[in-house]
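[1] just the structure for this:
(chains A, B, C and D, ligands or ions: 6)
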Amino acid sequence: MGGPVARFSVRTVPAPERTAEPRYDLATRLASVELPNPVLTASGCAAAGRELQQFFDVAALGAVVTKSIMLEPRSGRATPRMAETPSGMLNSIGLQGPGIDAFLAHDLPWLHEHGARAVVSIAGGSVEEYAELAGRLRGAAGLAALEVNISCPNVANRGLVFACDAGAAAAVVSAVRARTAPGVPVFAKLSADVTDIVAIARACVDAGADGLSMINTLLGMALDLDTMRPVLAGVTGGLSGPAIKPVAVRCIWQVHAALPDVPIIGMGGVRSGLDALELMLAGACAVSVGTAVFGDPGAPVRVLRELREALSARGFGRAADAVGYAHRTDRTT
Amino acid sequence: MGGPVARFSVRTVPAPERTAEPRYDLATRLASVELPNPVLTASGCAAAGRELQQFFDVAALGAVVTKSIMLEPRSGRATPRMAETPSGMLNSIGLQGPGIDAFLAHDLPWLHEHGARAVVSIAGGSVEEYAELAGRLRGAAGLAALEVNISCPNVANRGLVFACDAGAAAAVVSAVRARTAPGVPVFAKLSADVTDIVAIARACVDAGADGLSMINTLLGMALDLDTMRPVLAGVTGGLSGPAIKPVAVRCIWQVHAALPDVPIIGMGGVRSGLDALELMLAGACAVSVGTAVFGDPGAPVRVLRELREALSARGFGRAADAVGYAHRTDRTT
Amino acid sequence: MTEATSRPVQVHGEVLTTRRVGAYHHLSLVAPGIAEQTRPGQFVALAVGGPDTALLLRRAFSIYRVSSTGVYGGTVEIVFAARGPGTEWLARQQPHSPVDVVGPLGRPFALPREPVSATLVGGGYGSAPLFGLAETLRSRGSRVDFVLGAGSEQRLFGALDAKRMASTVAITTDDGSTGLRGRVTDVLAQVMERAGTDVVYACGPMAMLQAVSRVCADRGVTAQCAVEESMACGIGVCMTCVLPVRDEDGMTRMVRSCVEGPVFRGEAVRWEDVGTVPDDTYGAPAAAH
Amino acid sequence: MTEATSRPVQVHGEVLTTRRVGAYHHLSLVAPGIAEQTRPGQFVALAVGGPDTALLLRRAFSIYRVSSTGVYGGTVEIVFAARGPGTEWLARQQPHSPVDVVGPLGRPFALPREPVSATLVGGGYGSAPLFGLAETLRSRGSRVDFVLGAGSEQRLFGALDAKRMASTVAITTDDGSTGLRGRVTDVLAQVMERAGTDVVYACGPMAMLQAVSRVCADRGVTAQCAVEESMACGIGVCMTCVLPVRDEDGMTRMVRSCVEGPVFRGEAVRWEDVGTVPDDTYGAPAAAH
Ligand SMILES: Cc1cc2nc3c(=O)[nH]c(=O)nc-3n(C[C@H](O)[C@H](O)[C@H](O)COP(=O)(O)OP(=O)(O)OC[C@H]3O[C@@H](n4cnc5c(N)ncnc54)[C@H](O)[C@@H]3O)c2cc1C
Ligand SMILES: Cc1cc2nc3c(=O)[nH]c(=O)nc-3n(C[C@H](O)[C@H](O)[C@H](O)COP(=O)(O)OP(=O)(O)OC[C@H]3O[C@@H](n4cnc5c(N)ncnc54)[C@H](O)[C@@H]3O)c2cc1C
Ligand SMILES: Cc1cc2nc3c(=O)[nH]c(=O)nc-3n(C[C@H](O)[C@H](O)[C@H](O)COP(=O)(O)O)c2cc1C
Ligand SMILES: Cc1cc2nc3c(=O)[nH]c(=O)nc-3n(C[C@H](O)[C@H](O)[C@H](O)COP(=O)(O)O)c2cc1C
Ligand code: FES
Ligand code: FES
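    Residues are numbered from 1 along each chain as shown, chains lettered A, B, ... in the order given. Ligands and ions are numbered 1, 2, ... in the order given. Sure, this is the predicted structure:
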């Protein structure tokens, strides 16, 4: 009912490639790597997969994106490390983790043994550190792709976050690309906290990124109204969850419009199969489920199931056909 | 109870200036102008006050911030112009309005006659247009302050938004400041969609801004999963509501930390008196209520009442004492 | 024709009764201060989702019926389709559930000064505001005929009410499950002919209103159409609910349907241009060049 | 001491009964598959707010009691204080309300292999997980003594249960409204003396756990403390719930209280440093220099 006439006519457009008996070809490509389906975990929201295995088989996902790993073991920040916000949350974990040695000894092999594809997220404080991490990961069994978390402070440049500076972002990406096996795609993970995300995206691709992940958390903050001080020990934190989905859709849309051939892993507020579909229609060829896992440990497999239904209800025979579909102007709308 | 011990000890700190019989001095200053209280409407969320007068006396607010006015009448964008999102909404109104002539003939006089203080928001496509608007407003009765909405595309620079470029923002501010009566403060309204909001803030202040308003909506987008096209006719839109409050708090915090003497009108997701208090503790000396009005037409006066209670419960004799209080390190915490 | 003015209020309402009616939900709400002022064609805006909800905006519903007496004080009734999170929440509410109500909102149907022959056209739940209107018209000596249409019998609302009130009732459904298979406009001209219609009142989907307006224009009969545009505020402050409407002087403006509507004269609305800003609109970008 | 392992499940639970107990709410939930596996000290994480809620994260609650038989299948009981939007939502739920439950989570209290003398210390609703523990200990031949403390009588939970189960029960309140005016640690040493305590089990505010741990350390008695840290996920994937804990080799690590706790040996937790990352922590920034 209601709404302008234009919306009516659009709604009646037959969906593409509707076939009598829909096949569900969910496969998607992250550059050179094919995944069985487009639903992944988000870095930092699934540890290294082991805990989620209690709730579902992580090998059923397109891939597990692991918590960003650094060279050395990291204690992370002081607590409190999180604050719930309307339809979102803030976190300031500070990349607590065991360091690359323990990761290579325990976490990656576990994923490999369990048949899961691992997208390994790496983080560092300098270009060299990123390069070193890439080198250490070279040849590791089970490694499907690298995701380079460039939302880290650049120690050499007054702590300015790599992802906020095209030059710094490009330097990290090209160093990582150079040290990574050719068959392993390198995805640069972008921040939306920039004036021009397309410019950063372009710099990363020009520097050799095979694909882009977006978006990381937005920089946010909450005050405790009892103590009248910041809730988070780290003062500011990263905002995630459904609250930021509109920003994620916008970033993916803009970057896909500018760089239509670059594969994008989309993330930001995905809680349902319809959310995943929305990011895909905007241009993502795979979708990570992050914060939603905290509220629903089974979220990734549920999202996958719902996405399959949503795709088939719209007559998409192949998940790949939905990627960027909202940009298409060759439709009879 | 729980939480780390640190939190406990902080909670027991006596609030400042607790007096036996609390006075409620709610007055606040926007630079040279004193307002009876710190609760305002947000531009574009209260038209020019008339419609809200049906629900409460707009003169009871600190001020009414009017919808951004342009030189000429504007039809705005095509519909759909809005989409609801988790704890937020997107809008793409396109600054529909009657133009400055009709505004000066009908709207501003109405506010003045009803005893309301008007903060007039102006918008333009060029530095000249802003300057011209400021000139036309010079000497207008009822004008308490100007809010310069610089989140507009700069026609002369490929539509780049003024607020995203320190130079363009400064040019607008200094032109407006030059044409505005000395007793009327000029507030520049900042966008959070920038890499470094402090840099833009500084540029505006250096250019003569008496204060800053923040934050405008975040650039976002939603897709319609039936039509598989953008929901908004304008494709992208501005994200507002509680979803963005953590970003607003962060921006106000950062700018107040860098420029502690510059008055800030805070906005972004304020729905309750506690939200208003949060923005004040972060550094805002006044708070605008925007999207909340759509869900609750009486929101501004309710927020004012709740803010008064929240301030007094924390022993703040004067609203002004709460401004930036969360930054204070001279407390026994 | 005359127009009533009212002043909307915001009240803490309470669900009195809930009932399924075919594909729809019928809700009566205790909402004192609203019923007393309501004129047919006005609407209420309800807060949905409860405390801690992620749904920020009110939902608009035509007022189906009001009663300003009785032990509960004023009650307001609405009829709605559960089609998204807000209406689904509303459908889950039980008697005594609190519901925040703002109303009455918008301009009502303009009423004739003299007794006339009025034909009332409703599509789906769009018929809801027409029954109060029919009562008012009849109490003022007007003749009332109904044309009701819907996708199917389940989606037809108020056929019995209509039969009780009207001289004649014509029914159409898309699937022919009741009445004639077809659209309201397939029978409208004929009904108007027979009834000697002076004015048409219509409420339903935009496409229906457009078609009804065309039939009326062809016959030189006034159409009063209640539109349904996406609304963020419902009270005139946000400018989301606009559509292109010609004013007396023939100038097109983007007009707020929540306060200058939802009822418009059919010939004033540029139906074919809804969802666009026509180039000749007051203040349109094209006009600026 | 032995430890049980369990595998958490996510179930669509349903509220069976609700009850006020002093300042608290008692809720029993049908949650099949959880009760059967639960060991004392474990917790459940409940989704709150209903559909369309703005509250994304689960809320953690100690399991007060379980029953794995009966017509409803397994039930889980919790006791909670309504103190924020999530717990207030939970307090509004009625019998038959659906509640999504994940559990059992976390490591339970370590149980002695032999009969011992155990003293159970609870602060406020923190006593909830101790009653199931008391039953288990007693069924294995251990002596149980209780020390319960709270702000006031209204906030004291389970005194009658305790009296039924324990050899002795000591009670303290901050305001003296029942029992001794003071804190649990004002009487703990004396109780331990009298009971010949071999192990202390404690649950309550961090400050209490710290004080209890100190009393135990002074006397060379093991303390098993169930902590309550702010948790985003409850299942070990997010790293929000950490606190500094010394491992066997004396190395301090930031340890997840949801999976490596919530029960820790009192002497292992660096209570005075909770809310910080001590410089000598494994991977601490300071240590890097
Ligand atoms: C003046 C007026 C009278 C109406 N009368 C009735 C009525 O009597 N019975 C009835 O069933 N419905 C009526 N509607 C439509 C009703 O408001 C929508 O069905 C409802 O808002 C959908 O909310 P949702 O959360 O279920 O769906 P969603 O689609 O999830 O809603 C998302 C957002 O879009 C807005 N929206 C979506 N659809 C519409 C629509 N058709 N019109 C306006 N806003 C929309 C909602 O308000 C909300 O902000 C009326 C609308 C208007 C403007
Ligand atoms: C292992 C464990 C067992 C618990 N057992 C009980 C119990 O038996 N009875 C009881 O009343 N409470 C218990 N709590 C505390 C309970 O989880 C919080 O009271 C509750 O989460 C508050 O939610 P809220 O929305 O009402 O408050 P808010 O303060 O608005 O919550 C906001 C956010 O902070 C988190 N949070 C706030 N306070 C706490 C806290 N004290 N501990 C952990 N997270 C917190 C919430 O989970 C939520 O994400 C337990 C907590 C943990 C970690
Ligand atoms: C607790 C938490 C920890 C995170 N840690 C990382 C991280 O280590 N590396 C990274 O690239 N992103 C990290 N993120 C960001 C997520 O991967 C994701 O980009 C972001 O949360 C948006 O998605 P969501 O809304 O689905 O959570 C983290 C997010 C959260 C909530
Ligand atoms: C419908 C709508 C229209 C708006 N129009 C304007 C405007 O004309 N000028 C302006 O400076 N800001 C405008 N804003 C932004 C608000 O003033 C405010 O900065 C923003 O919405 C954040 O506050 P909120 O979350 O309380 O709404 C508009 C916001 C909305 C939702
Ligand atoms: S809905 Fe806001 S102006 Fe009409
Ligand atoms: S709460 Fe997420 S790791 Fe413990």
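[2] in the chain, which ranges drop under the pLDDT threshold?
    All of this refers to chain A. A:1-23, A:331-333 (pLDDT under 70).
[3] not quite, I wanted chain C
    C:1-5, C:70-72, C:286-289.
[4] do a quick rundown of the helices in the stretch 51-200 of chain C.
    Ranges of helices within the stretch 51-200 of chain C are C:85-92, C:128-139, C:159-165, C:184-195, based on DSSP state H, counting those that start in this stretch.
[5] let me have the ones you listed in TSV, adding distance to A:T236 as columns.
    C-beta coordinates here come from the backbone N, C-alpha and C atoms, glycine included. TSV is the format used below for the helices of the stretch 51-200 of chain C (distance: least, C-beta to C-beta, whole Å):
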stretch	distance to A:T236
helix C:85-92	32
helix C:128-139	50
helix C:159-165	59
helix C:184-195	58
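[6] most tightly packed of those?
    Among these, helix C:128-139 has the highest mean neighbour count (mean count of other C-beta atoms under 10 Å in any protein chain shown), at a mean of 22.
[7] what about that one, near ligand 1?
    Yes. Interface with ligand 1: helix C:128-139 contributes C:A128 (C-beta under 6 Å from any ligand atom).
[8] so which of the helices of the stretch 51-200 of chain C comes closest to ligand 2?
    When the helices of the stretch 51-200 of chain C are compared by C-beta to the nearest ligand atom, helix C:85-92 sits nearest ligand 2, at 20.3 Å.
[9] any idea how far D:G158 is from whatever residue of the stretch 151-289 of chain C ends up closest to ligand 6?
    For the stretch 151-289 of chain C and ligand 6, the shortest gap (C-beta to the nearest ligand atom) falls at C:A232, measuring 36.5 Å. Going from C:A232 to D:G158 by C-beta to C-beta, to the nearest Å gives 50 Å.
[10] who's more crowded, those two?
    The neighbour comparison of C:A232 against D:G158 (other C-beta atoms under 10 Å in any protein chain shown) goes to C:A232, with 27 against 24.
[11] mind listing what the more buried one touches?
    C:A232 makes contact with B:M82, B:M89, B:N91, B:F294, C:L57, C:C238, C:T240, C:C241 under the criterion C-beta atoms under 8 Å, 6 or more residues apart in numbering or on different chains.
[12] name the nearest of those residues relative to C:V227.
    Proximity of these to C:V227 (C-beta to C-beta) peaks at C:C241, which lies at 8.9 Å.
[13] tally of neighbours for that closest one?
    By the criterion of other C-beta under 10 Å, C:C241 has 29 neighbours.
[14] my guess is it meets C:C258, correct?
    Yes. In this structure, C:C241 is within contact of C:C258 by C-beta atoms under 8 Å, at 4.9 Å.
[15] which residues are common contacts for those two?
    Common neighbours of C:C241 and C:C258 are listed as C:E229, C:M231, C:G234 (criterion: C-beta under 8 Å, 6+ apart).
[16] in stretch C:271-289, what's buried?
    Residues of stretch C:271-289 classed as buried: C:W271, C:D273, C:V274, C:G275, C:T276, C:V277, C:P278, C:T281, C:Y282, C:G283, C:A284, C:A287 (neighbour count, 16 or more other C-beta atoms under 10 Å in any protein chain shown).
[17] can you list contacts of that stretch?
    Contacts of stretch C:271-289 (C-beta under 8 Å, 6+ apart): A:3-7, B:72-80, B:96-97, B:99, B:233, C:206, C:209-210, C:213, C:243-244, C:251-254, C:270.
[18] for C:D175, which of the helices of the stretch 51-200 of chain C is the nearest?
    It's helix C:184-195; of the helices of the stretch 51-200 of chain C, that one is closest to C:D175 (C-beta to C-beta) at 13.9 Å.
[19] what helix or strand does the residue of the stretch 151-300 of chain A found nearest ligand 5 sit in?
    Proximity of the stretch 151-300 of chain A to ligand 5 (C-beta to the nearest ligand atom) peaks at A:P246, 19.5 Å away. Assigned by DSSP states H and E, A:P246 falls within helix A:245-258.
[20] can I get the buried part of the contacts of stretch C:271-289 as one ChimeraX selection?
    To isolate the buried members of these in ChimeraX, using 16+ other C-beta under 10 Å:
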select /A:3,4,5,6,7 /B:73,74,75,76,77,78,79,80,96,97,233 /C:206,209,210,213,243,244,252,253,254,270
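[21] contact partners for C:P40?
    Contacts of C:P40 were listed using C-beta under 8 Å, 6+ apart, and they are C:I63, C:P108, C:F109, C:P129, C:L130, C:G132, C:L133, C:T136.
[22] and which of these is nearest D:D175?
    Taking C-beta to C-beta as the measure, D:D175 lies nearest C:I63 of these, at 54.1 Å.
[23] the residue of the stretch 101-250 of chain A found nearest ligand 6 - how many residues pack around it?
    Residue nearest to ligand 6 within the stretch 101-250 of chain A (C-beta to the nearest ligand atom): A:S240, separated by 13.5 Å. Applying other C-beta under 10 Å, we find 30 other residues in the vicinity of A:S240.
[24] so it touches A:G268, yeah?
    Yes. When contacts are counted by C-beta under 8 Å, A:S240 is listed as touching A:G268 (7.2 Å).
[25] which neighbours do these two share?
    Common neighbours of A:S240 and A:G268 are listed as A:G290 (criterion: C-beta under 8 Å, 6+ apart).
[26] so the closest residue to ligand 2 within the stretch 1-150 of chain C versus B:P242, what's the distance?
    The nearest approach of the stretch 1-150 of chain C to ligand 2 comes at C:D52, 8.7 Å away (C-beta to the nearest ligand atom). Counting by C-beta to C-beta, the separation of C:D52 from B:P242 is 11 Å.
[27] of the two, which one has the most company?
    Set C:D52 next to B:P242 and count neighbours by other C-beta under 10 Å: B:P242 wins out with 26 against 19.
[28] how far away is the more buried one from B:Y325?
    Using C-beta to C-beta, we find B:P242 at a distance of 22 Å from B:Y325.
[29] mind listing the strands for the stretch 201-333 of chain A?
    A:211-214, A:218-220, A:223-224, A:229-230, A:237-240, A:264-266, A:286-289 (DSSP state E, counting those that start in this stretch).
[30] now those strands as a markdown table including distance to C:H26?
    Formatted as a markdown table, the strands of the stretch 201-333 of chain A follow (distance: least, C-beta to C-beta, whole Å):
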| stretch | distance to C:H26 |
| --- | --- |
| strand A:211-214 | 46 |
| strand A:218-220 | 43 |
| strand A:223-224 | 45 |
| strand A:229-230 | 50 |
| strand A:237-240 | 41 |
| strand A:264-266 | 42 |
| strand A:286-289 | 39 |
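[31] out of those strands, nearest to D:A35?
    Between D:A35 and the strands of the stretch 201-333 of chain A, the tightest spacing by C-beta to C-beta is seen for strand A:286-289, at 29.4 Å.
[32] distance of the residue in the stretch 151-289 of chain C that ligand 2 sits nearest to from B:L225?
    At 27.8 Å from ligand 2, C:A232 is the closest residue in the stretch 151-289 of chain C, using C-beta to the nearest ligand atom. The spacing between C:A232 and B:L225, counted by C-beta to C-beta, is 20 Å.
[33] show me what from chain C comes close to chain A.
    Taking C-beta under 8 Å from any C-beta of the partner chain as the contact definition, chain C meets chain A at C:54, C:81, C:123-126, C:204-207, C:210, C:227-230, C:243, C:271-272, C:274-276.
[34] out of those residues, which are inside helices?
    Using DSSP state H, the subset of these located in helices is C:M206, C:A207, C:Q210.
[35] A:D25: how many residues sit nearby?
    Each residue near A:D25 was counted by other C-beta under 10 Å, and the total is 14.
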